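[1] I would like to see how this sequence folds:
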Amino acid sequence: MTENYITSEDLAFRPRARLLQMLGDQLIGSSRLAIFELVKNAYDADADTVLITLDKINTENAKIIVEDNGDGMSADIIKNIWLVPAHDHKEQQKKEKRRTKAGRLPLGEKGLGRFAVHKLGNEIQLVTRAKDSDECVLHINWQDLIDKPFLEDTRVEVVTRTPIVFTGDNTGTQITISNLREQNWSRGDVRKLLRQITSISTPFNENRSDKFETLLEVKGHPDWTEGVSDIDKLKERAPWHIIFSIENGLITLSYHFIGVPGIKVEPRQESFKNEKLLLPHNLKKNKVVVEPEDLVGIGNISGEFFIYDRDKQVISKFGEQQLVESFLNENGGIRVYRDNIRVYNYGEPGDDWLGLDLRRVNVPGRHISRNIIVGSLDLSVEDSFDLQEKTNREGFIENETYERFQQIVLSVLSIVETERQKDKERIRQVTETGKNIEERKIEKPLTELRKLAKKHNLTDELEPLIEKTEKNYNEMREVMLTSGFNNMGLAIVFHEVEHGVRSLYRTIEHSEDITLIKDHAYELVKILDSFSDLLRKGDNKPASLKNLIRRARDIASIRFRAHKIQFVCPFLEENIPDIEQKYIFKILIGCLNNIFDNSIYWLQARWPEDTIGQRKIYIDVRRDFYGKTAIIVGDNGPGFQDEQEQLVKPFFTRRPNGMGIGLYYVNLAMEVNKGRLVILDDQDDVPNEFDGAAMALVFD
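    Next comes the predicted model:
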């Protein structure tokens with residue numbers, strides 16, 4: 001149809017000159033990020049030291065000077081790369097895996113970082129010198145440039161001179177920014193900047209191969225950078241220290257509980273070497289362990305965590321409590337580093353990229369919150385190619401690889417939380433000795449909760465949930481005091497419910513999201529609902545064990561088929577006589593469902609999808625289990641790692657995102673049925689092929 005055209009013309013884009021302003025001003029979120037971009041450029045230039053100087057601040061003549069001792073630039077590089085926005089030379093270098101003399105791959109790749117200077121001020125002077133070259137100087141007045149109509153109309157003069165700044169054999173780049181856009185700098189602003197620039201290079205990895213440090217000088221105010229917390233001393237106040245690495249989908253982890261001064265709880269260490277890593281959420285259906293393919297685009301991960309305890313009985317024992325709490329408020333969280341250089345803004349105050357605080361609210365007795373952990377994760381620039389930084393330099397693009405990265409990190413935390421829970425329980429037993437369980441009342445926190453709900457006009461939404469919490473709580477307390485079964489276990493549940501109430505209180509106080517508030521309220525009720533059947537009890541009368549097991553099997557049969565699990569039960573064979581036993585049918589069905597649910601999960605952990613026919617669950621009845629009748633349940637999963645005393649404690653679990661009440665419920669249920677749960681240490685009571693977890697529900 002070209003015969004209908006009147007004219008045809010090829011046209012070029014003509015960017016307006018103010019595009020330069022937009023590149024610096026709107027792509028970079030803050031002044032501190034702008035300085036960070038300049039520091040990254042110094043790293044890419046193989047500098048080992050960057051000095052940031054604030055000169056004559058809070059005056060009209062204020063300046064920011066960023067100087068490094070890197071490779072510098074020749075006039076040719078300035079002309080063909082530095083003055084070419086979005087040049088791809090760093091991206092190409094990264095793709096080709098061409099490392100610098102210092103063994104570095106570039107952190108930048110979009111060719112925009114240099115325009116961060118416009119975020120800081122309107123005038124810059126750049127002085128730079130490459131090896132065996134003269135010194136180059138250029139001046140830029142951003143206002144003069146953006147006043148031009150089009151980008152093609154802008155001009156920058158580059159002067160070559162005999163070296164004045166970088167004399168002798170010295171090379172590097174010095175950028176002086178004046179006519180600052182942020183005029184007022186307080187002592188607090190400077191100290192915040194100092195904290196951020198000193199965290200650019202990881203403070204944790206003492207074995208790094210290349211040196212890179214950033215320094216801050218405030219002329220006229222040397223005291224503004226003095227007295228900043230010594231991170232090495234503050235690390236010594238962490239009761240827990242964890243180091244780990246993940247390679248080929250397997251984790252090696254060193255866990256160290258250092259102890260608490262003045263509290264008689266022995267230090268403890270645990271080691272995990274090349275073990276499978278369990279996922280908190282299925283990245284793919286029926287997948288529960290990290291596999292090598294999950295690390296593609298992420299690479300190997302190493303990390304270090306320092307974990308604190310803000311309970312008053314513990315934190316006060318380390319001294320300088322206020323200093324430690326202030327340090328945690330400013331530095332709490334987990335930072336991410338690539339080739340030892342930080343990726344902002346992970347680990348900044350207010351950033352909860354792993355959702356740690358929400359996890360803590362949902363299961364208050366188990367999970368670690370953001371304000372008690374200071375940690376770092378180290379990645380390789382070369383291998384983490386699918387973790388791409390956002391254009392605004394505030395974290396990674398939230399793609400599928402990023403989600404995998406999050407879940408893998410949460411998997412590591414789950415291991416740490418399980419081990420830490422053991423030590424927390426030992427501390428609790430020492431510090432809470434002598435407290436009367438009867439005094440554990442919930443009326444006061446619930447009254448406070450009702451007042452707060454009324455204040456925020458949430459009474460209609462929350463009162464039914466508050467009433468249910470109160471009713472179930474008091475029922476449990478009554479059972480504990482009158483039935484004579486189990487001791488510390490329910491006391492711990494009460495302790496955690498109180499934590500849950502107070503966490504909900506904080507959520508109402510600090511969030512306007514009604515859906516989030518109600519979700520947290522339902523999570524609190526869910527803790528108590530798990531025990532409602534126990535409280536109601538029901539009729540304890542003789543009933544068929546065959547009917548019980550058959551019913552439990554039928555309920556789980558769809559899941560058994562879906563997960564390709566072979567169910568073996570000799571007791572259900574026709575030639576085996578039935579046994580009648582006194583028990584509460586509804587409660588025992590719940591027990592077997594809990595046990596089956598755990599087995600299904602752990603069978604997936606040991607036997608991936610490609611190992612068809614390997615997953616098996618065994619159940620039988622013994623008339624002579626040490627003189628008693630017992631239901632024996634076993635599987636061929638990975639088995640138990642912990643002693644029975646630990647396994648039956650509430651909220652203890654090695655299953656990521658598990659509530660940790662399954663075996664506690666089973667243990668309590670057997671007590672209600674005048675029986676007991678026994679974890680089998682040897683496999684004498686099950687066939688050899690069932691070499692995983694095994695237990696007996698014994699009727700006394």
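[2] top helix in this structure by residue count?
    helix 400-431 (DSSP state H).
[3] roughly how far is it from the heart of the chain?
    9 Å (Cα atoms, centre = their mean, to the nearest Å).
[4] what's that helix packed up against?
    strand 240-247, strand 250-257, strand 268-276, strand 301-307, helix 312-315, helix 488-510 (3 or more Cβ pairs under 8 Å, 6 or more residues apart in numbering; DSSP states H and E). In short, each C-beta sits where N, CA and C put it, glycine included.
[5] flag whichever of these has the least confidence on average.
    When the helices and strands packed on helix 400-431 are compared on average pLDDT, helix 488-510 comes out lowest at a mean of 60.
[6] can you count the residues close to Glu266?
    When neighbours are counted by other Cβ atoms under 10 Å, Glu266 registers 8.
[7] measure the nearest residue to Ala45 once chain neighbours are set aside to Leu51 for me?
    Closest residue to Ala45 apart from its sequence neighbours, by Cβ to Cβ, 6 or more residues apart in numbering: Gly70 at 3.1 Å. Distance of Gly70 to Leu51, given as Cβ to Cβ, to the nearest Å: 12 Å.
[8] common neighbours of the two, please.
    By Cβ atoms under 8 Å, 6 or more residues apart in numbering, Gly70 and Leu51 have no common neighbours.
[9] still on that earlier bit, dump the residue contacts of the residue nearest to Ala45.
    Ala42, Tyr43, Asp44, Ala45, Asp46, Ala47, Thr171, Gly172, Thr173.
[10] over to Gly395?
    Val343, Tyr344, Asn345, Tyr346, Trp353, Glu389.
[11] tell me which residues touch the nearest residue to the first one once chain neighbours are set aside, please.
    Just to be clear, that refers to Val343. Once flanking residues are discounted, Val343 sits nearest to Val336: 4.5 Å by Cβ to Cβ, 6+ apart. The contact partners of Val336, taken as Cβ under 8 Å, 6+ apart, are Arg342, Val343, Tyr346, Gly347, Ser376, Leu377, Leu379.
[12] try it again at 10 Å.
    Listed by Cβ atoms under 10 Å, 6 or more residues apart in numbering, the contact set of Val336 reads 202, 301, 303, 342-347, 353, 375-379, 384, 387, 395-396, 405, 409.
[13] also Ile549?
    Cys569, Phe571, Leu572, Leu588, Ile589, Leu592, Ile619, Asp620, Val621, Ile631, Val633.
[14] part of a strand, is Ile558?
    No. With DSSP: H, G, I helix; E, B strand; the rest coil as the criterion, Ile558 is helix rather than part of a strand.
[15] quick revisit: possible to save the contacts of Gly395 as a markdown table with neighbour count, pLDDT and distance to Pro687?
    Shown next, in a markdown table, are those (neighbours: other Cβ atoms under 10 Å; pLDDT from 0 to 100; distance: Cβ to Cβ, whole Å):
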| residue | neighbour count | pLDDT | distance to Pro687 |
| --- | --- | --- | --- |
| Val343 | 20 | 89 | 52 |
| Tyr344 | 24 | 83 | 56 |
| Asn345 | 23 | 83 | 55 |
| Tyr346 | 20 | 91 | 50 |
| Trp353 | 21 | 94 | 47 |
| Glu389 | 17 | 85 | 54 |
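[16] which one of the residues you listed sits closest to Ile679?
    For these, the residue nearest Ile679 by Cβ to Cβ is Trp353; the value is 38.1 Å.
[17] what's the angle between the longest helix of the chain and strand 301-307?
    Helix 400-431 runs at 30 degrees relative to strand 301-307, counting by axes from the mean of the first three to the mean of the last three Cα atoms, to 10 degrees.
[18] circling back to that earlier point, show me what the residue nearest to Val343 is bridged to.
    Assessed by DSSP bridges, Val336 has beta-bridge partners Val343, Leu377.
[19] equivalent analysis for Ile64, please.
    In beta-bridge terms (that is, DSSP bridges), Ile64 pairs with Leu54, Ile177.
[20] neighbours around it, how many?
    Neighbours around Ile64, by other Cβ under 10 Å: 24.
[21] you'd agree it is up against Gln125?
    No. The pair Ile64 / Gln125 is not scored as a contact, 11.5 Å apart, by Cβ atoms under 10 Å.
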